[in-house]
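A.B. asks: The following comprises the amino acid sequence and a computationally predicted model.
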Amino acid sequence: MTQSAWERPWCGSLTRANLGDTVELVGWVRRRRDLGGLVFVDLYDRTGLVQLVFENLMVGEGERLSQQDVLRVHGEVRERAAGQANPDLATGEVEIRVDELELLTKAETPPFVVEDDTNASEELRLTYRYLDLRRPQMAASLLLRHRVVAEARRYFDEREFVEVETPILTRSTPEGARDFLVPSRLHRGSFYALPQSPQLFKQLLQVAGLGRYVQVAHCFRDEDLRADRQPEFTQIDVEASFVIEEDIFILVEGLFGRLFPLVGITPPALFPRLSYDDAMERFGSDRPDMRFGLELVELAPVCEGCGFRVLESAAAEGRVKGIVLPGGAALSRKQLDELSELVRPHGAAGVLWFKRVADGFASPAKKALGEAGVERFLDAAGAGEGDLLLVVGGPEKVVFAALGSLRLQLARQHRLVPEGRHDFLWVTGFPLLEWEPEDGRYYAKHHPFTAPRPGDEELLESDPGKVRARAYDVVMDGVELGGGSIRIHDPELQRRMFAALGIDAEDARARFGFLLEAFRYGVPPHGGIALGLDRMVMLMAGRDSIRDVIAFPKTTSGSCLMTEAPSGVDADQLRELGVELLERG
Ligand code: ASP
């Protein structure tokens, strides 16, 4: 066995083209079958598996092997016996007649079946993640992720972007989430923050004259987690000087045109664009899934003077909108009640339904509205015979959130998403600031460095809620894949933006003084975007959770089941840091 490790073939690579070759293979045992005088073993690595045959003098050696043992074998590639080929397997026409075996390590029985079709809970899989990653679909996800990153790096390199690493130990960056803090031993009482994104550094690199920056960047946000969120995640982070929105759109459309074909998806050359207002009015969401209809319809005009107080006052004080489900009149009372349950978490009182059936109309509002009143609603919504109209009234935010989520739920329940269809789009024209009634102040919808639209600057003081931002999001199939903006590069405008956010000059100097200082010495106009790598690979791999495309993810409660992080630390360590615990969580 003399072959260099780098020349050795992978288990999954052998085909008819190798017939007659003698090869050396290494890998793990997946399965063993004894057929009396003949032993078959599936040997696998991250690329797939190949069948080994132990016959004659080698039978005894084969019989010793069990699942997950690690082997080195030597043998001849030969054709499988007639009728034994496996068309589902890349290596299905060949097998290796083993003439030499070295058992490199013996494995204990693993805690779960290490195959795609496993019996393991996600908890168990995360505890033994290294075994989980041996499953072919997990290995494929890691490989795909690598190919996406490699291709993205090539794409940006061709366009003369420079990859620069920015610090992990830094100070708080303003993306609106909670920071992870790291106590400093040398500066007792002071803390580093882990970056929520490299935002300020990538802007400073433009002041530094770099011109085109990219980074596969780790970001940290201490937020409540969901299936598509992790406390640490990866962005393809981009910033460039002397650019406008169109330049960023062209750059990202080109990038997606290189990345998505890796999984057989061809995005359009130009993505359609939708304004934030249209997205909200038509889909109740700023990341609309446009692969199906069920658009929101306006019902305020029919509510006025309709005779049903609830609707009249909802329309007068807020919004009333609806969704028509074609053929939905067949839904049962129980199914309709369940739809009401779905909207309550969004603050809506429930869903009011209207049905147009062959012999008339049905609705709980029929008594108040009368037959003709019900018909007016169905007509206004364009609901035909057999259709169902679902109506929600209340404050605008509630109506959008409730119907936006109802729309997705209905599409899922009634399988309205065409198989294999993918939609890409840009959402633009976001508000710059968002009013938070609880805190009685404005927050930056994107972050405080996003530029207002030219012409809107004057509204910063007079009507801040009306200012539109030079921000954009790229959305695929209802998932936000990334967002960015053209930045403020005028120190005076930046000061006015801080003022609109309630950050006074002193506060601004304390928190972002280095940026404001930098802007005094010749700052180029600049802008950029950050793309969520985990979500992108998740969609490409057709998975539902970003945990499936991250090698070592955290659970929804932010812990790593394998390493048991976060963990307690020694009292000595805390003393050194000058940290005292109030209580243990
Ligand atoms: N730093 C922003 C974010 O992480 C993206 C950007 O504005 O480029 O969302």
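C.D. replies: Sure, I can see it.
A.B. asks: List the buried residues for stretch 372-392?
C.D. replies: 373-378, 380-381, 383, 387-392 (16 or more other C-beta atoms under 10 Å). Placement of C-beta: from N, CA and C, glycine included.
A.B. asks: Apologies, that question was intended for stretch 223-243.
C.D. replies: 225, 228-231, 233-241, 243.
A.B. asks: Keeping just the C-alphas, turn it into PDB.
C.D. replies: Extracted C-alpha coordinates of stretch 223-243, given in PDB (Å, rounded to 0.1, in the frame of the first residue of the first chain):
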ATOM      1  CA  GLU A 223     -31.700  37.300  20.000                       C
ATOM      2  CA  ASP A 224     -34.500  34.800  20.700                       C
ATOM      3  CA  LEU A 225     -33.900  32.000  18.200                       C
ATOM      4  CA  ARG A 226     -36.100  30.500  15.600                       C
ATOM      5  CA  ALA A 227     -35.600  27.800  12.900                       C
ATOM      6  CA  ASP A 228     -33.900  30.300  10.700                       C
ATOM      7  CA  ARG A 229     -31.900  32.100  13.300                       C
ATOM      8  CA  GLN A 230     -28.700  31.200  15.200                       C
ATOM      9  CA  PRO A 231     -26.800  33.300  17.700                       C
ATOM     10  CA  GLU A 232     -23.800  33.200  15.400                       C
ATOM     11  CA  PHE A 233     -24.300  33.100  11.700                       C
ATOM     12  CA  THR A 234     -22.400  33.800   8.500                       C
ATOM     13  CA  GLN A 235     -22.900  36.600   6.000                       C
ATOM     14  CA  ILE A 236     -21.300  37.300   2.600                       C
ATOM     15  CA  ASP A 237     -20.600  40.900   3.500                       C
ATOM     16  CA  VAL A 238     -20.000  43.400   0.700                       C
ATOM     17  CA  GLU A 239     -19.200  47.100   0.500                       C
ATOM     18  CA  ALA A 240     -18.000  49.300  -2.300                       C
ATOM     19  CA  SER A 241     -17.200  53.000  -3.000                       C
ATOM     20  CA  PHE A 242     -18.700  55.200  -5.600                       C
ATOM     21  CA  VAL A 243     -21.800  53.000  -6.200                       C
END
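A.B. asks: For the ligand, what's its nearest residue on the stretch 251-400 of the chain.
C.D. replies: Taking C-beta to the nearest ligand atom, the ligand has its nearest neighbour within the stretch 251-400 of the chain at V252, 11.4 Å off.
A.B. asks: any weak-confidence spans in the stretch 301-450 of the chain?
C.D. replies: In the predicted model of the stretch 301-450 of the chain, no residue satisfies pLDDT under 70.
A.B. asks: can you give me the strands for it?
C.D. replies: 319-325, 352-357, 360-362, 388-394, 424-428, 433-436, 441-444 (DSSP state E, counting those that start in this stretch).
A.B. asks: List the strands paired with the second one, with their directions.
C.D. replies: It stands for strand 352-357. Next to strand 352-357 in the sheet, as set by DSSP bridges, lie strand 360-362 (antiparallel), strand 388-394 (antiparallel).
A.B. asks: and it with strand 319-325, angle?
C.D. replies: 40 degrees (axes from the mean of the first three to the mean of the last three C-alpha atoms, to 10 degrees).
A.B. asks: coming back round to it: make TSV out of the strands paired with strand 352-357 and add distance to the ligand.
C.D. replies: Below are those laid out as TSV (distance: least, C-beta to the nearest ligand atom, whole Å):
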stretch	distance to the ligand
strand 360-362	47
strand 388-394	30
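A.B. asks: Could you pick out the residues of the chain near the ligand for me?
C.D. replies: By C-beta under 6 Å from any ligand atom, the residues of the chain that approach the ligand are 175, 197, 199, 483-485, 528-530.
A.B. asks: ok, 8 Å please
C.D. replies: 175, 196-199, 202, 219, 235, 237-239, 446-447, 449-450, 471, 482-485, 487, 528-530 (C-beta under 8 Å from any ligand atom).
A.B. asks: if you look at those residues, which of them are in helices?
C.D. replies: Those of these mapping onto helices are 199, 202, per DSSP state H.
A.B. asks: I figured E24 was touching C11, is that so?
C.D. replies: No: the pair E24 and C11 fails to qualify as a contact (C-beta atoms under 8 Å) at a distance of 11.5 Å.
A.B. asks: of those two, who's got more company?
C.D. replies: C11 (26 against 18; other C-beta atoms under 10 Å).
A.B. asks: give me every residue that touches the more buried one.
C.D. replies: Contacts for C11 (C-beta atoms under 8 Å, 6 or more residues apart in numbering) come out as 25, 27, 43-45, 47-50, 91.
A.B. asks: can you check L352 too?
C.D. replies: 310-311, 363-365, 390-393.
A.B. asks: swap the cut-off to 10 Å and go again
C.D. replies: Going by C-beta atoms under 10 Å, 6 or more residues apart in numbering, L352 touches 299, 308, 310-311, 314, 320, 322, 336, 340, 363-365, 377, 389-393.
A.B. asks: Write the PyMOL selection for whichever of those residues are buried.
C.D. replies: Buried members of the contacts of L352, defined by 16+ other C-beta under 10 Å, are picked up in PyMOL with:
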select buried, resi 299+308+311+314+320+322+336+340+363+365+377+389+390+391+392+393
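A.B. asks: From the contacts of C11, pick the one nearest the ligand.
C.D. replies: T47 (34.9 Å).
A.B. asks: My read is that the closest one contacts P9, right?
C.D. replies: Yes: contact criterion C-beta atoms under 10 Å: T47 and P9 qualify, at 9.3 Å.
A.B. asks: need the helices for the stretch 401-550 of the chain, in chain order.
C.D. replies: Ranges of helices in the stretch 401-550 of the chain, per DSSP state H, counting those that start in this stretch, are 459-462, 491-500, 505-518, 533-541.
A.B. asks: Check which helices and strands the first one sits against.
C.D. replies: I take that to be helix 459-462. On a contact count with 3 or more C-beta pairs under 10 Å, 6 or more residues apart in numbering; DSSP states H and E, helix 459-462 meets helix 491-500.
A.B. asks: Only the buried residues of the helix it packs on, if you could.
C.D. replies: In helix 491-500, counting by 16+ other C-beta under 10 Å, buried: 494-498, 500.
A.B. asks: Same question for stretch 452-459.
C.D. replies: 452-453, 456-457, 459.
A.B. asks: pLDDT and distance to T428 added to those, as JSON lines?
C.D. replies: Formatted as JSON lines, the buried residues of stretch 452-459 follow (pLDDT from 0 to 100; distance: C-beta to C-beta, whole Å):
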{"residue": "P452", "pLDDT": "98", "distance to T428": "14"}
{"residue": "R453", "pLDDT": "97", "distance to T428": "10"}
{"residue": "D456", "pLDDT": "96", "distance to T428": "14"}
{"residue": "E457", "pLDDT": "94", "distance to T428": "18"}
{"residue": "L459", "pLDDT": "96", "distance to T428": "18"}
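A.B. asks: Would you point out the most distant pair within these?
C.D. replies: Pairwise distances across the buried residues of stretch 452-459 peak at 9.6 Å for R453 and L459 (criterion: C-beta to C-beta).
A.B. asks: joint contacts of these two?
C.D. replies: Counting by C-beta under 10 Å, 6+ apart, the residues touching both R453 and L459 are 432, 467-468.
A.B. asks: between the residues you listed, which is closest to the ligand?
C.D. replies: L432 (13.0 Å).
A.B. asks: Any idea how many residues pack against the closest one?
C.D. replies: 28.
A.B. asks: start to end distance for stretch 321-334?
C.D. replies: 22 Å (C-alpha to C-alpha, to the nearest Å).
A.B. asks: what comes up buried for it?
C.D. replies: In stretch 321-334, counting by 16+ other C-beta under 10 Å, buried: 321-325, 328-329, 331.
A.B. asks: Point me to the residue of the stretch 1-150 of the chain nearest the ligand.
C.D. replies: Closest point on the stretch 1-150 of the chain to the ligand, by C-beta to the nearest ligand atom, is V149, at 17.6 Å.
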